[in-house]
Each structure stands twice: as structure tokens, then as C-alpha cells.
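Asker: What follows is a predicted structure for the sequence shown.
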Amino acid sequence: MGRASDRAESLHRHFDGKVAVVTGAASGIGKALAAELVDRGATVVVADINGGEAASVAEQLKRRAGAEQVSAARLDVTDAAAVADLVGRTAAGPGGIDLLFNNAGIAVGGEVSELSPAHWQRVIDVNLWSVINGVMAAYPVMIAQGRGHIVNTASLSGLLPSPMLVPYSTTKHAVVGLSVGLRMEAAAHGVNVTVVCPGVIETPLLDKRNPDDLPGTDSMPDIRSMLTSLVGKPYPAASLASDVLDGVARNRPIIVTPHHARRAWAIYRISPRLLIDQGSARIRSALGSDDRRR
Ligand SMILES: NC(=O)c1ccc[n+]([C@@H]2O[C@H](COP(=O)([O-])OP(=O)(O)OC[C@H]3O[C@@H](n4cnc5c(N)ncnc54)[C@H](O)[C@@H]3O)[C@@H](O)[C@H]2O)c1
């Protein structure tokens, strides 16, 4: 009991005094990560394309911590120059930059037969180029510092096939590949890389459709009900953030959480065919029913 609480204490202390940038931090998982980092003593830059919401999250967190510990930035992660600028400005501060959480992301889905190049382009820009932009900005700085940790939010969809969310899943598989390969190179420079593969997490993303400015797709599923029925009940974002920071403190290469995600991943590794055949049957029956389209 004593040893377990010592361990928990040291996982918390790991972040004390560290400097972190979190993208997509105005909502959901990014917001929960920012809050958990602040609670564990880190200095946090709350970055999001929604600058107003980023500022309001930073204000809430300042009340929990202190003004000097939290700041907000409007950042579009698809803009490489803007990402480099924010990382550069943060790194030039007294504490340098210890952690970059490349977390911002969107869901794009629907039957592949209905999607346009614009759907693919958007999700690749926001979910994959964002991570590349973050790595290109932070990795050289962290090599020069001789320390740093890049934490990329992929998804369970980066480990498993995800019908009806194929563009999303494609980008998340790429983020897993990028992260694990980079980790193996980065270790030589004293830099750590972790990829996070969350299962179904209670955030606004579960209730979103494809971005409004893209052509409509009748087959875009209701993400919440599809993932809940295929994978499991949504897990609280705050619990996910705590699992992630514990895993980062332990320098885990791949963090798969919660339990429903580890179970699905294990089944897929043991018998890919089982999961693919069961999933295909469910999709066939859903596509055949009238009420799937909303
Ligand atoms: N919710 C889940 O079940 C789940 C599961 C696995 C992985 N994820 C991943 O977690 C990450 C966070 O998702 P979430 O569930 O918190 O979603 P969310 O929609 O609640 O939050 C996403 C945030 O990203 C921001 N964002 C979108 N485009 C951006 C851009 N171009 N530049 C900067 N910020 C941008 C949004 O403004 C929003 O604040 C995503 O990468 C998502 O793919 C979510």
C-alpha cells in the first residue's frame, strides 16, 4: 500500500515544473490533459484553433493553479509555420519545452464510396500533417536540449480497422507508425516519443458529424452509438488524461486505454480474422437497415 502510494506520488511529481504545449486543448481530451498537467505542477500552453475557447479554458485552469502556470494560444495545427512559431516561442522561455502533446484531431467518415478528395485531404491535414508539423517543430529543439517528450494522440482506430471511419483510421494508423518509428530514432538523442491510442472517450467528438464545409455524406455514422456498440461505453476524459500522464511518466511507447480498448486490440492481435468477420457482418446488417441514415 505504502509502495503503491509512493509510486503514484512519483508519477505525479514527474511533471512538476515541466513546460508543456497541448494542441486541441480547448475541448475533450486536450482540455483534460491540460488540466491534469496543471494539477501535477506543469506549466501549460493551451493551444487550439478555437482561440476564444482556449482562452476560457486557460482562465479556468489559472484559477486552479496560478497565472504564471497557464497561457492560451490560438493555433491551427495544419499551419506548419504557426506550429513552429509557438514551439519556438515556448522553447525560448526560461524552462525550454519539455512536452509537446500533438492531440488536435477531427473525425471524418462515411462509406468510402461516398467520400470526395476533400474529405481525405481535410482529415490528413488535421490528423496527420498536424503531428508531422509538431514533430518538425519540436524534435530539433528537443535534440538540441538533449531532452523532451513528444506525445501523439492516435486512437484505437490506429491499431484496428474502423469501417465507416476509414479516412480517420488511415490517419491514426499513420500516426502510430510515425510515433513508434520516431521513438526508436529519438532514443539516441535523449528524446522520448509516446503514442496514445484511446478507446471510446466521453468528449464532444462523439457527437460530431463531418466538417460542415465538406460535401454531405448520408452514410456518416452516429459515432457515439456505433463505437459504443462495437467497442464499449465511453470512458471519462479526466480518467484518460490521468492514465496518459502515468504512462508518459513511465515513458511507455504505446498507451492503449481504457480496458475495452486493450481487450479489442488483444482480440485483433490473436485473431484478426475473427474481428474482421464479425465487424463486416455488423456493418453489412447496418447498411441493410433503413434507420442507419440520419
Ligand atoms: N473521443 C474519443 O473517443 C477519441 C478516441 C480516440 C482518439 N481520439 C483523438 O483524441 C484527440 C482529441 O479528440 P477529442 O475527442 O478531445 O475531440 P474534441 O472535438 O472534443 O476536441 C478536439 C479539439 O481539437 C481542436 N481542433 C480541431 N482542428 C484543429 C486545428 N486545425 N488546429 C488546432 N486545433 C484544432 C478543436 O477545436 C477541439 O477543441 C483527437 O486526435 C481524436 O482523434 C478521440
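Answerer: Perfect, thanks for sending it. Remember, predicted model here, so these are calculated numbers, not experimental data. Numbering: from 1, shown residues only.
Asker: which bits of the stretch 101-250 of the chain sit near the ligand?
Answerer: By the rule Cβ under 6 Å from any ligand atom, the part of the stretch 101-250 of the chain lying against the ligand is 103-106, 126, 153, 155, 198, 200-201, 203-206. For the C-beta atoms, the positions are set from N, CA and C on the backbone; glycine is no exception.
Asker: okay if I get those as JSON lines plus secondary structure and pLDDT?
Answerer: Output for these, formatted as JSON lines (DSSP: H, G, I helix; E, B strand; the rest coil; pLDDT from 0 to 100):
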{"residue": "103", "secondary structure": "coil", "pLDDT": "98"}
{"residue": "104", "secondary structure": "coil", "pLDDT": "99"}
{"residue": "105", "secondary structure": "coil", "pLDDT": "98"}
{"residue": "106", "secondary structure": "coil", "pLDDT": "98"}
{"residue": "126", "secondary structure": "helix", "pLDDT": "98"}
{"residue": "153", "secondary structure": "strand", "pLDDT": "99"}
{"residue": "155", "secondary structure": "coil", "pLDDT": "98"}
{"residue": "198", "secondary structure": "strand", "pLDDT": "98"}
{"residue": "200", "secondary structure": "coil", "pLDDT": "98"}
{"residue": "201", "secondary structure": "strand", "pLDDT": "98"}
{"residue": "203", "secondary structure": "coil", "pLDDT": "98"}
{"residue": "204", "secondary structure": "helix", "pLDDT": "98"}
{"residue": "205", "secondary structure": "helix", "pLDDT": "97"}
{"residue": "206", "secondary structure": "helix", "pLDDT": "97"}
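Asker: Using PyMOL, define a selection of the buried residues within those residues.
Answerer: Selection of buried members from those for PyMOL, criterion 16 or more other Cβ atoms under 10 Å:
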select buried, resi 103+104+105+106+126+153+155+198+200+201+203+205+206
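Asker: Looking at the residues of the stretch 101-250 of the chain next to the ligand, which two lie furthest apart in space?
Answerer: 126 and 200 (20.0 Å; Cβ to Cβ).
Asker: Do you know the pLDDT at residue 97?
Answerer: pLDDT, residue 97: 98.
Asker: ah, wrong one, I meant residue 249
Answerer: Looking at residue 249, its pLDDT is 98.
Asker: so what's it up against?
Answerer: By Cβ atoms under 8 Å, 6 or more residues apart in numbering, the contact set of residue 249 is 10-11, 14-15.
Asker: Can you list phi and psi of it for me?
Answerer: phi -60, psi -30 (degrees, to the nearest 10).
Asker: re earlier: using neighbour counts, trim the contacts of residue 249 to the buried set.
Answerer: 11, 14-15.
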